[in-house]
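Student: below: sequence and its predicted model.
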Amino acid sequence: MTTFGVHTGLQNTTIDELRELWTRIENAGFGWISIWDHFYAADMTGGPVCHEAVAAHAALACHTSRVRVGSLVYCVGYRHPAVLANALCTIDHLSNGRADLGLGAGWSQMEYDAYGIPFPAAKVRLDMLEEAAECIRGLLHDESTTFKGEHFTLTDAKCEPKPVQANLPIWIGGGGEKRTLRIAAKWADAWNVPFIPPEEFARKRDVLHGHCEAIGRDPGEIHCAINVGLAWREEDLAPQFGAMANYVRPGVLMGSDEQVLDRIGQYVEAGADQVNIAVRAPVDPEGLERLASALHL
């Protein structure tokens, strides 16, 4: 059965507005709400108004009661994996076992440069992602973890208390076919990719499954999700996505109820176990409620 969620951007908004939005999303019947991990607006404008992810994730956990609370995705260049693992264990307790942990290699060089965080080549960032995923899986599940990599080192490291869930899901975000999807095949419980059309999603899912088969893993163990935008009218697109509007357009739901539902059906047929509506201010909560009604959530 397909899960429907909403991925809530933290830019150009207030905590009061986010709380009201999360309430309306949960009340509308969606099964998932997530936050992102940015320090600046994720629309290439350079706008600095953006809430921090771990704190917002904790607030989301405390403010909701039913939905799963996710993160798409924490940038491994911003926090040591042991710090992130401990934070997510606490968030899982705050939510009574509803937390998911998404990880990504990071891409917004603007943020790295502004804060003096080294922005290495893509290969290095992906190496960091793989090491972080291995470290975090050990910390979440094992009594102690020892790991020595090029970027991270753990020595008999413990993360207590453990999550409420026996298996707090680790998501890997991104569509890179040689490395990202291979990392997802090895370490992820779930995978997501944003703003690509259904046929491209199906192709990348097939690549992911190929990586799974190469390492002897059942592809069915990985929950596959697509993040899409929602713009009932053409003029609703640019205010949300700014300079990225044309980039995300192939993965934006548009048109009538019937057209939007048909497009969602194409993603489901392409293998999407979950469809997340990615929103950012100015958010249209009535539009989300209209979609929830159309989906009979």
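Tutor: Sure, I can see it.
Student: dump the residue contacts of Ser71.
Tutor: Taking Cβ atoms under 8 Å, 6 or more residues apart in numbering, we find Ser71 in contact with 34-37, 53, 57, 100-102, 171. Heads up, the C-betas are built off the backbone N, CA and C, glycines and all.
Student: among the residues you listed, which are in strands?
Tutor: The members of the contacts of Ser71 that map onto strands under DSSP state E are 34-35, 101-102, 171.
Student: which one of those is nearest to Cys135?
Tutor: Nearest to Cys135 among those is Leu101, at 12.1 Å by Cβ to Cβ.
Student: what's the burial count for Asn27?
Tutor: Neighbourhood size, Asn27 [other Cβ atoms under 10 Å]: 11.
Student: would you point out the most distant pair within the ones in strands among the contacts of Ser71?
Tutor: Counting by Cβ to Cβ, the most remote pair of the ones in strands among the contacts of Ser71 is Ile35 and Trp171, 12.7 Å apart.
Student: quick one: Pro118 and Tyr112 touch, right?
Tutor: Yes: if you go by Cβ atoms under 8 Å, Pro118 and Tyr112 touch, sitting 7.1 Å apart.
Student: between these two, who's got more neighbours?
Tutor: Tyr112 (19 against 9).
Student: next one: the residue nearest to the spatial centre of the chain from Asp16, what distance?
Tutor: Residue closest to the average C-alpha location in the chain (Cα atoms, centre = their mean): Leu72, at 1.7 Å. Per Cβ to Cβ, to the nearest Å, Leu72 is found 23 Å from Asp16.
Student: what's the overlap in contacts for Ile35 and Trp171?
Tutor: Common neighbours of Ile35 and Trp171 (Cβ under 8 Å, 6+ apart) are 70-72.
Student: the residue lying closest to Leu297 once chain neighbours are set aside and His296, how far apart?
Tutor: Computed as Cβ to Cβ, 6 or more residues apart in numbering, the closest residue to Leu297 that is not its neighbour in sequence is Gly29, at 3.1 Å. From Gly29 over to His296 the distance is 8 Å, taken as Cβ to Cβ.
Student: ok, Asp262 next?
Tutor: From Asp262 to His296 the distance is 15 Å (Cβ to Cβ).
Student: compare neighbour counts for the two and give me the winner.
Tutor: Between Asp262 and His296, Asp262 has the larger neighbour count (other Cβ under 10 Å), namely 12 against 6.
Student: SS state for the more buried one?
Tutor: helix (DSSP: H, G, I helix; E, B strand; the rest coil).
Student: which residues does it contact?
Tutor: Counting by Cβ under 8 Å, 6+ apart, Asp262 makes contact with nothing.
Student: and it, how far from Pro198?
Tutor: Taken as Cβ to Cβ, the span from Asp262 to Pro198 is 10 Å.
Student: do I have it right that the residue nearest to Leu297 meets Ala294?
Tutor: No: counting by Cβ under 8 Å, Gly29 does not reach Ala294; the two are 11.3 Å apart.
Student: show me where this structure has helices.
Tutor: Here the chain has its helices, by DSSP state H, at 15-28, 53-63, 81-94, 109-115, 122-141, 180-187, 198-215, 237-241, 245-248, 257-269, 285-295.
Student: buried stuff in the shortest one?
Tutor: Using 16 or more other Cβ atoms under 10 Å as the burial criterion, the residues of helix 245-248 that qualify are 245, 248.
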